[in-house]
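Asker: Model the structure of this input:
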Amino acid sequence: MLDLVKERALFADVLSTALPPDERNLPTLLERAAQRNPDKPLVRLGDNSWTRSQCRDLVARTAGMLKDADIKPGDRVAIMVRNRLEFITAFVGCMWLGAIVVPINIALRGAQFAHALNLSQSRLLIIDGNLLEHLQLVPPTPHLTDAWSLDDVALPVRENCRLALIPPPGTPMPLRTIDHGEPAAILFTSGTTGPSKGAVCPAAQFYWWSVYQSAAMLVKEDSIIFNSLPLFHINALNTFTQALTTGATCVLAERFSASQFWRRVCEVDATHIAIIGAMANILLAQPASAWDTQHRVSTLFASSVTADAWAAFSARFRVGRRVGGYGATESNLCFNSQGGWEVQGNMGLVTNGFEAAVFGESDIAVPDGTPGELVLRSNVPFAFALGYWGMPEATLSSFRNQWLHTGDRVVREPDGRFRFVGRLKESIRRRGENISAWEVEQAILTHDAIAQTAVFGIPSEFSGEEVMAAIVLKNGAAQPAHQELIRHLEPRLARFAIPRYLEFVDELPLTDTGKIRRWDLRERGVTGATWDREQAAASR
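Answerer: Modelled structure (predicted):
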């Protein structure tokens with residue numbers, strides 16, 4: 001059951017023991033870690049391991065390399081890199097120099113990839129060699145003058161952009177004084193009625209994520225935190241930053257592998273792990289193995305796991321302590337829950353240092369027990385994003401009236417708990433990825449036979465949602481084969497954004513003002529006329 005007293009007390013010391021403002025940034029945290037315990041392992045990935053001093057030295061030399069390439073403070077540097085240690089040196093190296101780092105999801109293709117480069121106006125792209133072919137499909141971007149491959153591969157020719165192998169590390173740059181409110185990174189979140197937005201994250205936001213989540217997970221100096229999620233998302237990045245603030249060791253995997261997950265957890269001797277809801281169901285679907293219970297994991301961080309799934313998960317894998325919570329790219333770990341998993345959608349209590357409310361129309365608070373939009377604000381300086389890069393109107397809309405409007409539908413219970421009900425905004429959450437319905441619709445509409453489409457999320461058997469598209473053909477157009485439409489979308493969308501379900505319909509349900517009633521489509525869900533891409537693949 002939910003222990004409200006313990007949850008309220010868990011973060012009592014977070015604010016009182018916080019570092020001074022000019023130390024709330026990743027470069028300074030890394031410098032402190034290197035000075036205090038230089039030879040202790042900080043991060044491991046595969047057969048590679050860096051101590052705190054090794055990581056600090058490589059980051060300082062990466063900053064020198066960027067400076068030698070005439071990257072200046074405030075310039076944007078995009079990194080499109082899979083889970084490898086070079087991601088960390090590039091990410092923190094940009095902050096060491098004062099450049100703004102722009103992580104890009106390695107699955108992005110076509111217009112989505114181009115949008116990230118163009119919106120951020122990145123001058124430099126650091127990229128995996130095997131992703132260069134996707135860069136070539138992006139039209140020339142006016143600000144991108146250089147692209148560096150991390151791998152020694154044949155380099156294509158690109159108009160107005162120099163492609164080269166990444167230079168060797170430069171002369172180490174001395175650590176500068178970093179303001180806790182300076183823009184440090186642009187992290188992309190899904191759009192709703194338009195393209196994806198780039199949340200501008202200040203330097204201190206990563207510090208606050210770390211101290212709040214490590215407090216929730218009871219991470220200590222002797223902890224080993226394992227994460228197999230991608231580094232371009234805050235979840236895996238936060239594993240690294242927790243190691244910086246607590247003295248723990250971070251172990252990363254190149255990618256999530258359901259068949260090898262528990263074996264890897266055992267081999268690295270992990271004490272803490274972080275997963276997303278869908279991963280719990282995927283792991284439960286694996287055949288039983290001796291590795292399932294040979295680990296010494298004391299704490300699991302996972303949200304969006306159903307009560308039945310958690311009961312089965314804890315019984316089979318013997319992980320006794322689960323921590324849940326709620327956060328967003330624009331915010332922080334604003335909710336924490338240490339129990340109460342029998343309550344579907346339980347988010348727990350508001351974390352000390354943040355405020356939450358439930359608003360109805362016209363930003364008027366609604367009574368407890370009444371669904372409405374979750375809005376948040378921080379009493380902690382620079383724990384939230386500063387806004388959206390290059391999108392002032394979206395910034396004003398989302399941060400209006402001094403509250404961050406999340407677009408999530410919740411209920412506040414009389415005891416202070418919050419419970420997630422659904423999503424108000426037209427975005428879809430699939431296996432840890434936020435997907436812009438608008439972007440998927442734009443890609444579908446590039447097909448010559450299609451007149452209209454509505455993209456929406458429906459519940460997944462794993463957790464979260466699956467992507468479904470209802471499609472109206474142009475007058476007289478022949479219906480394309482489902483697989484043909486999927487092939488049309490593959491170079492235009494990230495793989496995770498390609499719809500699983502397709503259904504051709506005569507018309508879309510509309511409101512009196514001509515807007516699509518997506519809620520009606522969600523409620524109708526899969527019908528006898530719906531094509532299931534995964535089912536079709538399994539039957540081949």
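
Asker: okay, CA-based contacts and neighbour counts for the rest of this
Answerer: Fine.

Asker: Arg176: what's it in contact with?
Answerer: Trp96, Leu97 (Cα atoms under 8 Å, 6 or more residues apart in numbering).

Asker: er, Gly369 I mean
Answerer: Val411, Arg412, Glu413, Pro414.

Asker: My guess is the third one contacts Pro367. True?
Answerer: Pointing back at Glu413 there. No. Glu413 is not in contact with Pro367 according to Cα atoms under 8 Å; the separation is 9.3 Å.

Asker: got the domain boundaries for this protein?
Answerer: As given by automatic domain parsing, the domain ranges for the chain are 50-177, 202-423, 427-539.

Asker: Quick one: mean pLDDT for the second one?
Answerer: Regarding domain 202-423, the rounded mean pLDDT is 91.

Asker: and what of stretch 95-113?
Answerer: 93.

Asker: Can you give me the pLDDT of Ser190?
Answerer: For Ser190, pLDDT reads 67.

Asker: I meant Thr193, not that one.
Answerer: Looking at Thr193, its pLDDT reads 55.

Asker: Please, where are all the helices along the stretch 251-400 of the chain?
Answerer: With DSSP state H, counting those that start in this stretch, the ranges of helices along the stretch 251-400 of the chain come out as 261-267, 277-284, 307-317, 392-398.

Asker: Pull out the buried positions in the longest one.
Answerer: Right, the one you point to is helix 307-317. By neighbour count with 16 or more other Cα atoms under 10 Å, helix 307-317 contains the buried residues Ala309, Trp310, Phe313, Phe317.

Asker: of those, closest to Glu465?
Answerer: Taking Cα to Cα as the measure, Glu465 sits nearest to Ala309 out of these, at 16.0 Å.

Asker: my read: the closest one touches Ile282, true?
Answerer: No. When contacts are counted by Cα under 8 Å, Ala309 is not listed as touching Ile282 (10.4 Å).

Asker: State the next helix or strand along the chain beyond whichever helix in the chain runs longest.
Answerer: Identified as the longest helix of the chain according to DSSP state H is helix 52-68. As assigned by DSSP states H and E, the chain's next helix or strand after helix 52-68 is strand 76-80.

Asker: Neighbours of the closest residue to Ser398 other than its chain neighbours, how many?
Answerer: The spatial neighbour of Ser398 that comes closest, neighbours along the chain excluded (Cα to Cα, 6 or more residues apart in numbering), is His405 at 5.0 Å. Number of residues near His405 (other Cα atoms under 10 Å) recorded here: 21.

Asker: who's His405 bridged to?
Answerer: Beta-bridge pairing of His405 under DSSP bridges involves Val375.

Asker: any idea how far it is from Gly110?
Answerer: Distance of His405 to Gly110, computed by Cα to Cα, to the nearest Å: 30 Å.

Asker: Repeat that for Leu175.
Answerer: Per Cα to Cα, Leu175 is found 38 Å from Gly110.

Asker: the more surrounded of these two?
Answerer: Neighbour comparison, Leu175 and Gly110: the larger count goes to Gly110, with 20 against 13 (by other Cα under 10 Å).

Asker: show me the contacts for the residue nearest to the more buried one when sequence neighbours are not counted.
Answerer: Nearest in space to Gly110, with sequence neighbours left out and distances taken as Cα to Cα, 6+ apart, is Arg492 at 4.7 Å. Contact analysis of Arg492 by Cα under 8 Å, 6+ apart lists Arg109, Gly110, Ala111, Gln112, Ala443.
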